[in-house]
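Dropping a prediction and its sequence here:
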Amino acid sequence: MIDDRFARACEVLGVRQDANRREIEQAYRARLALYREENLATYSLFSDDERDEQLDRIKEAYRELLETLGDVDETFDLESEAPADVEGADRGEADALGERDVPEGGRREAPAPAGGSKTGPSSFLPAPSASPGPSGAAAPHGSYRAAEGTGGGGGGAELGADDEDLPSKTPPSGGRESSEPPRFTGGESPGGHLKRCREALGLSISELSAETRIGSRHIEALEGDDLADLKALVYVRGFVTTLAKAVKAEPVDDVVEAFSEIFLSNE
Amino acid sequence: MTASSPKPSEDASRRPKVWAVGAGKGGAGKSVVATNLGVMLARRGKRCALIDADLGGANLHTLLGTPSPKRTLSGFLRRKYANLDEILCKTPVPGLFLVSGSGALMEMANPKHAQKEKILRHIFKLDVDHVIIDLGAGSSFNVLDFFLAADRGLVVVVPEPTSIENAYHFLKAAFFRKLKRATHLPGVKPALDLALDRPADGTIQSAKGLLAAVRRIEPAAADALEEEAAGFAPQIIVNRARGENDERLGPDMRTACRDYFGSKVEFLGHLPDDDLVRTSVQSRLPVVEAFPTSPFGLKLGEIASYLHRTEDLQDGDAA
């Protein structure tokens, strides 16, 4: 019965049956946030498979409710998370890879401290030169493809291949490269770490710049721990997050924090 | 009254309302919560018995500032006393009494099934309005059975992954133990066992998933199990909350638990991280007596009012 499905969908998202589109969207995003791996409230309650199933149910319910509003818009950001969690380049990426079925926002975020910030990396604007586009702005996946030599952009086959990776809990860099640079430890220069990771991938600064849309001079400066040109912490965090993911400088969170500390101690 | 559900079915209005406070993991503050709830009920004119069922680590008397009681549960179990009224200790708060496990011998930390049943039967015979049981930590069958026997099962967590993990382990264990009550009915046990055999890695499926699997095997068995499941309604308190994120934890856990268990798991409220709690514990005074207007005291008061208000709406089988 259509009504049953509708009622169940409302229950899955936790909305009243007369909810409007905005309420449905908010509920959808709240549910996605709840079932992110890092969320303390669901920690250890669900197994990974169950969590994925729950996310599927949530997405299905969302589609179901949008349909009843006569409102299914294929270009709508089904994949992106609550506005507080996904900004700028990340949302752009989800748009670019629009058919992706898994809300990868939660997976892309490096693990947050337990019970801690729902906002994840602090909100940042996209790098001025980085615009969302099919060539994979701020794209860990872009970098996989570059590293694997399959080129940039999102095609159906590549999406399919990447979809298989996403349910995995390991950080995006897990096991796909033959030579993995060592993980960043707090004591060393974060810029140096970025550089080593870039070099381990065989990328020149200009290649990295082309891939991430971040200016070469910024990359160079960051690799030298030089933050003089970046006037606000949001840019530092934004650029570093993008670069760290692109060169697989793990753990991304720690690298971002190290740069943030440099910035703050310079103020 | 059956062995697995020792609640008197007749005269429900004359028997005390029983609340059990558990945590799954020590250090969450359940003893402080249990004690202070008892104090507040007593101050509102209710006769209240606090039961320190943490047989290996009883310390409610310390939180209340009463001397270590001479008559204890271990004496009761050894038949020195015929009923629990004989070991009720007065406390500094009029109307509040303590049944203590202190002084228990090591073997008392693991009472046998029959002894546990005996304690439970007598709890329901106490001449008080409320009984609040401070359960031990962990998820042993005895702890689970006390939790499930209560009218309300409260679970105290703190916003740390270890506490959450242990609380969920506790809740899953309690849920599953509750389902087991239906296994004396024909066909239920085989269906349940079969459904449990399925996961390749041997872990318990989500509760809802398990029930769905049973339904595919034997719908009648599923009906019986779902009836037990529907009565599973633990109530969560988040203690030591600091800031907005911690305050969101409770509602989020409620949602997650409803999704997982399919039943009405409730969130009662969050209690702030309050230094005055520590101060009062160190002084061996209940915080709601020593600092009634402390942030902790005020929030706990709200929770107590809510519990009190909704008391009459409770079924006999809240947990």
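The structure has been received and is ready for your questions.

wait, doesn't A:Leu227 sit right on A:Arg237?
No - counting by Cβ atoms under 8 Å, A:Arg237 is not a contact partner of A:Leu227; they are 11.1 Å apart. For the C-beta atoms, the positions are set from N, CA and C on the backbone; glycine is no exception.

Can you check which residues contact both of these two?
Counting by Cβ atoms under 8 Å, 6 or more residues apart in numbering or on different chains, the contacts common to A:Leu227 and A:Arg237 are A:Phe259.

Who has more neighbours out of these two?
A:Leu227 (23 against 20; other Cβ atoms under 10 Å in any protein chain shown).

dump the residue contacts of the more buried one.
A:Ala221, A:Val236, A:Phe259, A:Ile262, A:Phe263, A:Asn266.

now those in a markdown table, with secondary structure and distance to B:Leu171?
Listed next are those as a markdown table, based on DSSP: H, G, I helix; E, B strand; the rest coil; distance: Cβ to Cβ, whole Å:
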| residue | secondary structure | distance to B:Leu171 |
| --- | --- | --- |
| A:Ala221 | helix | 51 |
| A:Val236 | helix | 42 |
| A:Phe259 | helix | 41 |
| A:Ile262 | helix | 44 |
| A:Phe263 | helix | 43 |
| A:Asn266 | helix | 48 |
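
Tell me the most packed of those residues, by neighbour count.
Top of those by neighbour count (other Cβ under 10 Å): A:Phe259, with 25 neighbours.

elements contacting the helix or strand harbouring A:Glu257?
Assigned by DSSP states H and E, A:Glu257 falls within helix A:252-266. The contact analysis (3 or more Cβ pairs under 8 Å, 6 or more residues apart in numbering or on different chains; DSSP states H and E) places helix A:252-266 against helix A:190-200, helix A:233-247.

State the number of residues packed around the residue of chain A found nearest chain B.
Closest contact between chain A and chain B, by Cβ to the nearest Cβ, is at A:Ala41 (3.4 Å). Look at A:Ala41: counted by other Cβ under 10 Å, it has 24 neighbours.

ok, the nearest residue to it once chain neighbours are set aside - contacts?
Spatial nearest neighbour of A:Ala41, excluding adjacent residues (Cβ to Cβ, 6 or more residues apart in numbering or on different chains): B:Asp252 at 3.4 Å. Going by Cβ under 8 Å, 6+ apart, B:Asp252 touches A:Leu34, A:Asn39, A:Leu40, A:Ala41, A:Thr42.

I figured the residue of chain A closest to chain B hits A:Leu34, correct?
Yes - if you go by Cβ under 8 Å, A:Ala41 and A:Leu34 touch, sitting 6.3 Å apart.

Overlap of the contact sets of those two?
B:Asp252, B:Thr255, B:Ala256.

now, among those, which is nearest to chain A?
When the shared contacts of A:Ala41 and A:Leu34 are compared against chain A (criterion: Cβ to the nearest Cβ), the nearest one is B:Asp252, at 3.4 Å.

Moving C-terminal from the helix or strand the closest one falls within, which element do we reach first?
Element membership for B:Asp252, per DSSP H and E: helix B:243-261. Remark: after helix B:243-261, the chain's next helix or strand is strand B:266-272, criterion DSSP H and E.

Stretch B:151-171 near chain A at all?
Yes - judged by Cβ under 8 Å from any Cβ of the partner chain, stretch B:151-171 and chain A are in contact via B:Pro159, B:Glu160, B:Pro161, B:Ile164, B:Glu165, B:Tyr168, B:His169.
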